[in-house]
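Undergrad: sequence first, predicted coordinates after that:
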2 protein chains.
Amino acid sequence: MSGTVTIGEAARRTGVSAKMIRWYEETGLLPPAPRSEAGYRHYGPADLHALRFIRRARDLGFGVEAIGELLALWHDRARPSAAVKALALAQVGELRQRIAELEGMARSLEHLARTCCGDGRPDCPILDDLAAEAAPPPARRRRRLADETGRIARDIARKAR
Amino acid sequence: MSGTVTIGEAARRTGVSAKMIRWYEETGLLPPAPRSEAGYRHYGPADLHALRFIRRARDLGFGVEAIGELLALWHDRARPSAAVKALALAQVGELRQRIAELEGMARSLEHLARTCCGDGRPDCPILDDLAAEAAPPPARRRRRLADETGRIARDIARKAR
DNA sequence: GTGGACCTTCCCATCATGGGAAGGTCAAGG
DNA sequence: CCTTGACCTTCCCATGATGGGAAGGTCCAC
């Protein structure tokens, strides 16, 4: 087992917690690690490399599903870069959408806060706004832009073969 | 029971789903609704008003805890508007922080995508970046800016009494 | 009196992450 | 050899806000 490390050491060296490493294995993002006789997982240099890859992707906001696709493309030496680019741009789109939502909230709140004098008196335009009778709203809808784009990325990879 | 509506009607009129109304009651954000003999919850105009208040706050990105504080301030006719403003500004701060995080991710990804030609060839700067050996990173830390600011808002409310 | 729309509670899933318990393993030092 | 402490294992539970669905009771209009 020379050249391999335990899960704790792998966590320290990659910035992915031991809990998450086990979880990635459990959910199939990573293949099961080889075990010592006592049942301890052991990780070699290639495994550490994959863990750092995952961590970097995670820091860029990719979800596990997308990370799985990225890993597959990484291991596929014949992948078309267009497939990777499609995933990246889909992720950018999702990020931009979430940013736009948050930006809208922040702007509304900033506007409200600007109109509130913020002293000891009870009059408060912020609460007045929250309590305003609004038109019966059509509820909110969301999600799953990524599913579609993941399919597109897979199509690109398939067509290129 | 005239003037009161069932949970489904309340959901329709306020844009808060029946599931969430029950959940708000269960977690103490709302007081238990009065029941009919058969156990059906019934909601009057004031309840609908509160539900719309919650929905509006939710749409501005407030968490349940903050919404609870806002509701308390709403019902406290002697509240200082400064307390409300503090909560609103804390929420703006949280939103701005999350926006900054997402913005950083989006910018990095956009840069990577720009350097990737995105054709049928396998060379891909995006994957190269993800796979790059990075300095052993100090892991991520987050959260709890709101706890602190919630305390500040409560301090303001207390001092004003 | 029946059908269908509605209500109730209870359980489960999400997504990525952490906390903690109970128990086994390993290495170093006495 | 034995203890100690650091480490590993699995298993369960929690998060926040939301939805899905099952099993069963209720209401109302026809």
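TA: Happy to help now that I have it. Residues are numbered from 1 along each chain as shown, chains lettered A, B, ... in the order given.
Undergrad: what's around residue A:39, how many residues?
TA: 6 (other C-beta atoms under 10 Å in any protein chain shown). Where C-beta positions appear, they are placed from N, C-alpha and C, glycine not excepted.
Undergrad: let's verify it: helix, strand, or coil?
TA: Of the three states, residue A:39 takes coil under DSSP: H, G, I helix; E, B strand; the rest coil.
Undergrad: mind checking if the helix or strand hosting residue A:113 is in reach of DNA strand C?
TA: Using DSSP states H and E, residue A:113 sits within helix A:81-114. No. Using C-beta under 7 Å from any atom of the strand, helix A:81-114 stays clear of DNA strand C, coming no nearer than 11.3 Å.
Undergrad: and that helix, what does it pack onto?
TA: In terms of contacts (3 or more C-beta pairs under 8 Å, 6 or more residues apart in numbering or on different chains; DSSP states H and E), helix A:81-114 is packed against helix A:64-75, helix A:125-131, helix A:146-159, helix B:81-114, helix B:125-131.
Undergrad: list the buried residues in the second one.
TA: Of the residues in helix A:125-131, those scored as buried under the neighbour-count criterion (16 or more other C-beta atoms under 10 Å in any protein chain shown) are A:125-127, A:129-131.
Undergrad: for the longest one, same thing?
TA: For helix B:81-114, a neighbour-count test (16+ other C-beta under 10 Å) marks B:81-92, B:94-95, B:98-99, B:102-103, B:105-106, B:108-109, B:112-113 as buried.
Undergrad: residue A:60 and residue B:57, how far apart?
TA: 31 Å (C-beta to C-beta, to the nearest Å).
Undergrad: give me the more crowded residue out of those two.
TA: Per other C-beta under 10 Å, whichever of residue A:60 and residue B:57 has more neighbours is residue B:57, with 26 against 23.
Undergrad: is DNA strand C contacted by whichever strand or helix holds that one?
TA: For residue B:57, the element it lies in under DSSP H and E is helix B:45-59. No. Contact of helix B:45-59 with DNA strand C is not found when judged by C-beta under 7 Å from any atom of the strand; the minimum separation is 12.4 Å.
Undergrad: by mean pLDDT, show me the worst of the helices and strands packed on helix A:81-114.
TA: Comparing mean pLDDT over the helices and strands packed on helix A:81-114, the weakest stretch is helix A:146-159, at a mean of 58.
Undergrad: got the domain ranges for chain A?
TA: Under automatic domain parsing, the residue ranges defining each domain of chain A are A:7-59, A:81-133+A:140-159.
Undergrad: turn those into a markdown table, columns for distance to residue B:40.
TA: Converted to a markdown table, these look like this (distance: least, C-beta to C-beta, whole Å):
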| stretch | distance to residue B:40 |
| --- | --- |
| domain A:7-59 | 41 |
| domain A:81-133+A:140-159 | 25 |
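Undergrad: just to revisit the earlier point, tabulate the buried residues of helix A:125-131 (TSV), appending distance to residue B:10.
TA: As requested, the buried residues of helix A:125-131 are exported to TSV (distance: C-beta to C-beta, whole Å):
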residue	distance to residue B:10
A:125	27
A:126	24
A:127	22
A:129	21
A:130	18
A:131	17
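Undergrad: ok, the closest residue to residue A:77 other than its chain neighbours - contacts?
TA: Once flanking residues are discounted, residue A:77 sits nearest to residue B:122: 6.1 Å by C-beta to C-beta, 6 or more residues apart in numbering or on different chains. Residue B:122 is in contact with A:76-81, counting by C-beta atoms under 8 Å, 6 or more residues apart in numbering or on different chains.
Undergrad: pull out the buried residues from those residues.
TA: When the contacts of residue B:122 are checked for burial by 16+ other C-beta under 10 Å, the buried set is A:79-81.
Undergrad: what helix or strand is the most far-flung residue of chain A relative to its centre on?
TA: Distance to the chain centre peaks in chain A at residue A:121, reaching 43.9 Å (criterion: C-alpha atoms, centre = their mean). Using DSSP H and E, residue A:121 falls within no helix or strand.
Undergrad: quick one: contacts for it?
TA: By C-beta under 8 Å, 6+ apart, the contact set of residue A:121 is B:80-81.
Undergrad: for it, phi and psi?
TA: With angles defined as degrees, to the nearest 10, residue A:121 sits at phi -80, psi 150.
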